[in-house]
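Engineer: model this:
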Amino acid sequence: MGYFDWHKQPGYYRDVTRHFPADAELLDIGCGTAWLAEHFPRYTGIDGSSDAVAAATERRRNVVLGDVDQPLPFADESFDAVVMKDLLEHVADPVAVVREALRVLRPGGQVFASSPDAQRWVWDDYTHRRPFTRKSLRMLFSDQGFEVRRIGYESVLPGVGIVSARTRRKRRPRLFGLLAEIPWLRRNVWLLGCRGETPTLGEPR
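Structural biologist: Here you go, the predicted structure:
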């Protein structure tokens, strides 16, 4: 099983999709097999894994092969939305990646990002370069020009995926939200930001 196979569509996928209208032109940076394409018809993904891109292409998803540590191969202000789910802990220069996200977003466009909290379990993944705290993730985005609208934790305790599969819930139960507030339990940090002060997107779903 390839590394990207561990990053298929999560059971609680609406934790991500709920922030964007269905017609948003969306860029998924570090997209893996591009599961978000199932929810956004105007979807573009980019990933550095040729295996992941090949798997996404087989599913007829719009994905390009590219090094996300390099300038993105897209024009300025090309997208309404950018997703960087479980990405920034892997890249060499998160500042450069966030600046590129800002560059390709249209005024009013929104970004969603998530990364592991600064906990010991982060280092169990040999591809991780760094974790984040809420403060560091907020500063990373605000210092590059984003307006940070929301920031919080999400529980990634072992078994969350099993519960989601059995209950078929699209968003996490409130219990998982409460567990995410406990500092020593396994969790991610997530952030929703905006380019500019006046959104141009429609109402989120």
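
Engineer: C-alpha from now on. contacts and neighbour counts both.
Structural biologist: Will do.

Engineer: could you dump stretch 121-133 to PDB, C-alpha only?
Structural biologist: What follows is stretch 121-133 as a C-alpha-only set of coordinates in PDB (Å, rounded to 0.1, in the frame of the first residue of the first chain):
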ATOM      1  CA  TRP A 121       2.600  11.100  17.800                       C
ATOM      2  CA  VAL A 122       3.500  13.500  15.000                       C
ATOM      3  CA  TRP A 123       7.000  11.900  14.700                       C
ATOM      4  CA  ASP A 124       5.600   8.400  14.100                       C
ATOM      5  CA  ASP A 125       5.200   9.500  10.500                       C
ATOM      6  CA  TYR A 126       8.600   9.600   8.900                       C
ATOM      7  CA  THR A 127       7.500  12.100   6.300                       C
ATOM      8  CA  HIS A 128       6.700  14.800   8.800                       C
ATOM      9  CA  ARG A 129       9.100  17.800   9.100                       C
ATOM     10  CA  ARG A 130       7.200  19.800  11.800                       C
ATOM     11  CA  PRO A 131       3.900  20.000  13.800                       C
ATOM     12  CA  PHE A 132       1.900  23.200  14.500                       C
ATOM     13  CA  THR A 133       0.100  24.800  17.300                       C
END
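
Engineer: next one: that stretch to chain centre, how far?
Structural biologist: Centroid separation for stretch 121-133 versus its chain: 16 Å, with CA atoms, centre = their mean, to the nearest Å.

Engineer: Same check on stretch 133-153?
Structural biologist: 14 Å.

Engineer: Let me see the ranges of the helices in the chain.
Structural biologist: Remark: helices assigned in the chain by DSSP state H are 14-17, 50-58, 94-104, 134-143, 160-167, 174-179.
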